[in-house]
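**Q** Build the 3D model from these lines:
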Amino acid sequence: MYTDLPLREALFQLLDVKIAPTVNKGNGRPGMTLWSIFVCGVMRLDLNIDYDRLHDLVNNHATLRAMLGHGAFNNEAYHYQTLKDNVKLFTPELLDDINQRIVASGHLVAKKKSGEALRGRCDSFVVETDVHYPTDINLLFDAMRKVITLTAQWCEERGLTDWRQHAYNVGHVKRTMRSAQNKKRSKAKSEAQQAKNGALVINAHNAYLDVARRYLDKAKGTLTQLEQRGFVSELDVPRRLEIEGFMAHAERQIDQVRRRVILGEVIAHDEKVFSIFEPHTEWISKGKAGVPVELGVKVCLLEDQYQFILHHQVMQRQTDEQVTVAMVTQAKQRFPQLAACSFDKGFHSTANQIALREHLTLVALPRKGALSKAAQEVEQSVDFVKARRAHSAVESAINALEVHGLNVCRDHGITGFKRYVAWAVVARNIHRIGALLWQQEQQRALRKRNRGAQDPPLTRAA
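**A** Numbering: from 1, shown residues only. Now for the predicted structure:
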């Protein structure tokens, strides 16, 4: 990318305009260059590493430092927090603009003919969030642990001793949670013993909720006391809002545990939260063998025949058929040559079939259920069958994304999730350009060896 002058100039111009456009990059103390930030962001996803290892590599790995523009005698070092703060400057929208330019350059490397139509294949997969398996009672413990520790930390800074035993308080909540968990593990078979164990389960959960409620009420009183004393720091307001946020999580979990365990209600799926730290996490069951459930957010991607990812979309609380048309129209806005696309049955709906025909010359979207005679003729056509046979290649792109960063999202919040996915798509397409260049280099070397083998040996002159 750096040696491709048109691509480099387009990239630098885009970075200069989009990142801190009102700031004069030539003034102030020296910081990371925009190129260095871009390289660090791509390497983090392509190597599937965290900031700790990235920090070590950018300061010690000779090849990576050469990519960053540092010579052998340049000892400039990067700080850990500097890396985190700068890589986060890239927004999903900026990374999408960068990706369009990278794909256009990749098509030149792949020797795509001018005016050649692009044939896409679209599929979705789950990017997991970094969360533990959720239950009502362990989510309540997570919320209470944060309420107690954050309140105690604030009290310690303000000289209050109300929470000097906060470590014991957290342990108390945890012990009552474990007691409630253990009571549910009975394997009794007789009805009498099952009824007895059911009563023990309810009593254990009642005790757990009483302990949580007592500490929650105490924390609310402490917050009122701190507010009456007056805030002394500009961080006090966001700190109070953070604690109140965890309190709201605790109130919800107390209510849901009481309704589900004690009152025997069934909690609607829409009311549930599967992580208090990553509330955008969804409970996804795709019916895969050996994978009953995945905790994360679905991502839809559209790949072309050259294995470049043209477009992607984070499907927050959306299903496949809800994003089908948007994926094609948005990809076509970025790459007007897109003329065909294949899908799985999960993307099918009658409205999607009709809408896609307005944008594509070939829609390889199989229908669900029994097929009419007209539908059979369409799905048995040569072009449709060819597109469906090539569709499975999109799994290679999904696997590559999961290997190079998207097995688990390491960033926090839905904004960080979208940025992390966008970084992974950019890194994947750059990786694909590198693979094409390496293949071309190997082919040139092979042709050179073959020419050498075919040349007649030289004879010594008489």
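**Q** Poorly predicted segments of the protein, please.
**A** Where the chain drops to pLDDT under 70, the residues are 25-30, 455-462.
**Q** The same query, at a cut-off of 80, please.
**A** The chain contains residues with pLDDT under 80 at 20-31, 184-194, 286-290, 452-462.
**Q** Would you mind splitting it into its domains for me?
**A** According to automatic domain parsing, the chain comprises the domains 5-89, 93-131+280-442, 136-271.
**Q** now those domains in CSV, with mean neighbour count?
**A** All C-beta atoms are positioned from the backbone trio N, CA, C, and that covers glycine. Putting the domains of the chain into CSV (neighbours: other C-beta atoms under 10 Å) gives the following:
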stretch, mean neighbour count
domain 5-89, 15
domain 93-131+280-442, 18
domain 136-271, 16
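**Q** Which of those domains sits closest to residue 451?
**A** The minimum distance between residue 451 and the domains of the chain falls on domain 93-131+280-442, with 15.1 Å, by C-beta to C-beta.
**Q** re earlier: for the domains of the chain, give me CSV that also has distance to residue 449.
**A** Below are the domains of the chain laid out as CSV (distance: least, C-beta to C-beta, whole Å):
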stretch, distance to residue 449
domain 5-89, 27
domain 93-131+280-442, 11
domain 136-271, 62
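**Q** Which one, of these, ends up nearest to residue 454?
**A** Closest among those, using C-beta to C-beta: domain 93-131+280-442, at 18.9 Å.
**Q** chain center to the closest one: distance?
**A** 15 Å (C-alpha atoms, centre = their mean, to the nearest Å).
**Q** can you check stretch 63-76 too?
**A** Its chain's C-alpha centre and that of stretch 63-76 lie 30 Å apart, by C-alpha atoms, centre = their mean.
**Q** ok, residues contacting that stretch?
**A** Counting contacts by C-beta atoms under 8 Å, 6 or more residues apart in numbering, the residues outside stretch 63-76 that touch it are 2, 33, 35, 36, 39, 40, 43, 57, 58, 59, 62.
**Q** State which strand of this protein is the longest.
**A** Secondary structure assigned by DSSP state E gives strand 118-129 as the longest strand of the chain.
**Q** Show me what that strand is packed up against.
**A** Judged by 3 or more C-beta pairs under 8 Å, 6 or more residues apart in numbering; DSSP states H and E, strand 118-129 is in contact with strand 294-303, strand 309-315, helix 320-334, strand 338-342, helix 382-391, helix 394-401, strand 408-409, helix 413-454.
**Q** Name the SS class of the closest residue in space to residue 32 that isn't next to it in sequence, please.
**A** For residue 32, ignoring the flanking residues on the chain, the nearest one in space by C-beta to C-beta, 6 or more residues apart in numbering is residue 86 at 4.9 Å. Secondary structure, DSSP: H, G, I helix; E, B strand; the rest coil: residue 86 is helix.
**Q** so who does residue 86 touch?
**A** Residue 86 makes contacts with 31, 32, 37, 40, as judged by C-beta under 8 Å, 6+ apart.
**Q** hang on, the last one packs against residue 54?
**A** In other words, residue 40. Yes: using C-beta atoms under 8 Å, residue 40 is in contact with residue 54, at 6.2 Å.
**Q** anything in contact with each of these two?
**A** The contact sets of residue 40 and residue 54 overlap at residue 83 (C-beta under 8 Å, 6+ apart).
**Q** Go ahead and confirm residue 303 touches residue 312.
**A** No: between residue 303 and residue 312 there is no contact under C-beta under 8 Å: 9.5 Å.
**Q** Look up how far residue 352 lies from the residue lying closest to residue 410 once chain neighbours are set aside.
**A** Excluding its sequence neighbours, the residue lying closest to residue 410 (C-beta to C-beta, 6+ apart) is residue 50, at 6.0 Å. Residue 50 is 39 Å from residue 352, where distance means C-beta to C-beta, to the nearest Å.
**Q** same thing with residue 374?
**A** Between residue 374 and residue 352 the distance is 17 Å, computed by C-beta to C-beta.
**Q** Kindly report the same for residue 447.
**A** Residue 447 is 47 Å from residue 352, by C-beta to C-beta.
**Q** Tell me who's in contact with residue 62.
**A** Counting by C-beta under 8 Å, 6+ apart, residue 62 touches residue 72.
**Q** what's the spacing between it and residue 74?
**A** 11 Å.
**Q** before we move on, what SS does residue 273 have?
**A** On the three-state scheme (three-state DSSP), residue 273 is labelled coil.
**Q** how far away is it from residue 229?
**A** Distance, residue 273 to residue 229, using C-beta to C-beta: 33 Å.
**Q** Same check on residue 318?
**A** For residue 318, the distance to residue 229 (C-beta to C-beta) stands at 46 Å.
**Q** Need phi/psi at residue 282.
**A** phi -120, psi 150 (degrees, to the nearest 10).
**Q** Chain neighbours aside, what residue packs nearest to it?
**A** Leaving aside its chain neighbours, residue 282 sits nearest to residue 297 (5.8 Å; criterion: C-beta to C-beta, 6+ apart).
**Q** and that neighbour, what is it in contact with?
**A** Listed by C-beta under 8 Å, 6+ apart, the contact set of residue 297 reads 126, 127, 129, 280, 281, 282, 314, 315, 316, 414, 417.
**Q** how about these, which pair is most distant?
**A** Longest span within these, C-beta to C-beta: 126 and 414, 15.0 Å.
**Q** Pull the distance from the helix or strand hosting residue 152 to the chain's centre.
**A** Residue 152 belongs to helix 136-158 when assigned by DSSP states H and E. Mean-position distance between helix 136-158 and its chain equals 27 Å (C-alpha atoms, centre = their mean).
**Q** helices and strands around that helix, which ones?
**A** If you count contacts as 3+ C-beta pairs under 8 Å, 6+ apart, helix 136-158 packs onto helix 166-183, helix 191-229, helix 236-257.
**Q** I'd like to know which of the contacts of residue 86 is nearest to residue 265.
**A** Distances from residue 265 to the contacts of residue 86, taken as C-beta to C-beta, are shortest for residue 40 (49.6 Å).
**Q** Can you name every helix or strand that the helix or strand that the closest one is a member of contacts?
**A** Following DSSP H and E, one finds residue 40 within helix 34-46. The helices and strands touching helix 34-46, judged by 3+ C-beta pairs under 8 Å, 6+ apart, are helix 5-18, helix 51-60, helix 62-68, helix 80-87, helix 413-454.
**Q** Kindly reformat those helices as CSV containing distance to residue 339.
**A** Converted to CSV, the helices and strands packed on helix 34-46 look like this (distance: least, C-beta to C-beta, whole Å):
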stretch, distance to residue 339
helix 5-18, 25
helix 51-60, 40
helix 62-68, 37
helix 80-87, 36
helix 413-454, 20
